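[1] The following block contains a protein sequence and its predicted model.
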Amino acid sequence: MSDSDLNKDPSPPQQPAQTTGSGNGPIIPKSASEALKPERVPMPPTRSKGARSQIVIFFNFLMTLAVFGAIALGGIAYYALSAFNAPGPLETNTTFQVRQNMSLKEIANSLERNNIIADTRIFSVIAQTYLKKDSLKAGEYEIKAGASMKDIMELLRSGKSILYSISFPEGLTVRQMFNRMLEDPVLEGDLPAELPPEGSLRPDTYKFSRGTTRLEIVKQARAAQEKLVDQIWERRDASLPIENKQDFVTLASIVERETGKADERPRVAAVFLNRLKKGMRLQSDPTIVYGIFGGEGKPADRPIYQSDLKKDTPYNTYIIKGLPPGPIAAPGKAALEAVANPSRTDDLYFVADGTGGHVFAATLDEHNANVKRWRKLEAAKGTGEEIAVDGQPADEVVPDEEQPKPNKKKKKQN
């Protein structure tokens, strides 16, 4: 053995040191239980204290704003809804008008200006939420004392405004109807410069709200009469000696003015229709009046004179044959129905019976007897022989003297 061999270290050669999983140190032997335990994961690096404080503060600020904002909005909403439903400042009942095309804001301003509501903004905002696609209707409304904004909104939304009315009795002329509209203090606007045709406006009662114009009433009455005439004309007796609706309305207007008794109208209509069929003159006093005075009507204190029966006007059916050129008044439904479907009778005459009605006859002899009885009744009242018959005249000559012919039957008031 050489000296070099003797100098060698007899210990086994050293192995390279093994490192841990991190490669930073030697392997430390572990027991089986320790080996099964999970290793601790290192904590992530922490933010700086300054950076962490700014973010937290910012988000805390936002959350605080949101909470206080929600509380504030809730409080405002509660206050607004409470005010919207609370009794209003109005102390006594009043009327309020919503004109056509007024905006919600304009209505609210007007309500507050009239001390009907307390807050324009609350009314506008909440009403807009309630209304959605609905709207407040034009009209005049009665608002009760202490009404809440909600009560007022519901009233204006309903359209249940105060209604006024204007009445046109049967037998009025267009001019007389126009005069009534002119005298009405609620209706607004002008009437048409040109009068509609006589008989074209339906006599009836028309309801309207404040803000309605006179022209609207005229249009409504004209449309109503046209519809009524068309309906009754379609149901007329096919044997009528009347060729068109103009003549139909004309005869109905004469019947309307001849008698105010509903049960007599069909029989009066029958008399005139029978006379038309035979070519006899109608001899109707109301046509004389219209021919002389037109649509203004006869003055109440002016009697019909014997000379009036001979005045040459286009409407004097004591002179002309057939029907006058147009209606003499506005016939109502009953008169139109009477002409469309008259009584089945051969009567050609009628005369006043002294009680407000008439007595009818089919022959001249019967009629003359009825006239004689009527004259006895008039004589008992002090009426002289010179007074003409109220109805078709008897077979006598009308005197030329201008003697008054007072109304013996109850005529309709003009």
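    Cool, the structure landed. Here the structure is a predicted model, which is why all the values come from computation and not from measurement.
[2] where do the strands sit along the stretch 151-300 of the chain?
    163-167, 205-209 (DSSP state E, counting those that start in this stretch).
[3] Include distance to Ile292, mean pLDDT and mean neighbour count when you put those into CSV, please.
    Glycine gets a C-beta too; all of them are placed from N, C-alpha and C. As requested, the strands of the stretch 151-300 of the chain are arranged in CSV below (distance: least, Cβ to Cβ, whole Å; pLDDT from 0 to 100; neighbours: other Cβ atoms under 10 Å):
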stretch, distance to Ile292, mean pLDDT, mean neighbour count
strand 163-167, 27, 97, 14
strand 205-209, 30, 95, 15
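[4] Run through this protein and note the low-pLDDT ranges.
    Residue ranges of the chain with pLDDT under 70: 1-30, 32-52, 382-414.
[5] Give me the buried stretch members for stretch 232-244, please.
    Neighbour-count burial for stretch 232-244, with 16 or more other Cβ atoms under 10 Å as criterion, is recorded at Ile232, Trp233, Arg236, Leu240, Ile242.
[6] do the same with stretch 336-351
    Along stretch 336-351, these residues count as buried under the neighbour rule (16+ other Cβ under 10 Å): 336-343, 347-351.
[7] cool, stretch 359-373 as well?
    Neighbour count says stretch 359-373 has Val359, Phe360, Ala361, His367, Asn368, Asn370, Val371 buried, by 16+ other Cβ under 10 Å.
[8] right, and out of the residues you listed, which lies closest to Arg267?
    Phe360 (6.0 Å; Cβ to Cβ).
[9] thought that closest one was touching Arg267?
    Yes. Between Phe360 and Arg267 there is a contact at 6.0 Å, judged by Cβ atoms under 8 Å.
[10] Quick check: neighbours shared by the two?
    When contacts are counted by Cβ atoms under 8 Å, 6 or more residues apart in numbering, Phe360 and Arg267 are jointly contacted by Thr345, Asp347, Phe350.
[11] Now render those residues as JSON lines, adding distance to Lys311.
    Putting those into JSON lines (distance: Cβ to Cβ, whole Å) gives the following:
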{"residue": "Thr345", "distance to Lys311": "31"}
{"residue": "Asp347", "distance to Lys311": "27"}
{"residue": "Phe350", "distance to Lys311": "23"}
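[12] spatially speaking, which residue is in the middle of the protein?
    In the chain, the residue lying closest to the centroid (Cα atoms, centre = their mean) is Phe208, at 6.7 Å.
[13] That one bridge partners, please.
    Tyr164 (DSSP bridges).
[14] how close does it sit to Ile162?
    For Phe208, the distance to Ile162 under the criterion Cβ to Cβ, to the nearest Å works out to 10 Å.
[15] again, but for Pro342
    For Pro342, the distance to Ile162 (Cβ to Cβ) stands at 43 Å.
[16] With Asn85 instead?
    When Cβ to Cβ is applied, the distance between Asn85 and Ile162 equals 25 Å.
[17] could I get the strands of the stretch 151-300 of the chain as a markdown table with distance to Asp119?
    Below are those laid out as a markdown table (distance: least, Cβ to Cβ, whole Å):
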| stretch | distance to Asp119 |
| --- | --- |
| strand 163-167 | 30 |
| strand 205-209 | 27 |
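[18] now for those, which one comes closest to Phe293?
    Closest of those to Phe293 is strand 163-167, at 22.5 Å (criterion: Cβ to Cβ).
[19] List of residues touching that closest one?
    With Cβ under 8 Å, 6+ apart as the contact definition, strand 163-167 has outside contacts at 180-181, 184, 186-187, 204-210, 217.
[20] got the CA positions of it in CSV?
    Listed next in CSV are the C-alpha coordinates belonging to strand 163-167 (Å, rounded to 0.1, in the frame of the first residue of the first chain):
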residue,chain,number,x,y,z
LEU,A,163,-124.0,70.2,-16.6
TYR,A,164,-126.3,73.0,-17.7
SER,A,165,-129.2,72.6,-20.0
ILE,A,166,-131.2,74.5,-22.7
SER,A,167,-134.6,73.5,-23.9
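[21] Tell me how far it lies from the chain's centre.
    Here strand 163-167 shows a centroid-to-chain-centroid distance of 12 Å under the convention Cα atoms, centre = their mean, to the nearest Å.
[22] Break down the stretch 101-250 of the chain into its helices, ranges please.
    For the stretch 101-250 of the chain, helices defined by DSSP state H, counting those that start in this stretch occupy the ranges 104-113, 120-131, 149-158, 174-183, 214-234, 245-258.
[23] So for Leu81, which of these sits nearest?
    Smallest distance to Leu81 across the helices of the stretch 101-250 of the chain (Cβ to Cβ): 7.1 Å, for helix 120-131.
[24] Can you point out the buried residues in the closest one?
    Within helix 120-131, the residues that qualify as buried are Thr120, Ile122, Phe123, Ser124, Ile126, Ala127, counting by 16+ other Cβ under 10 Å.
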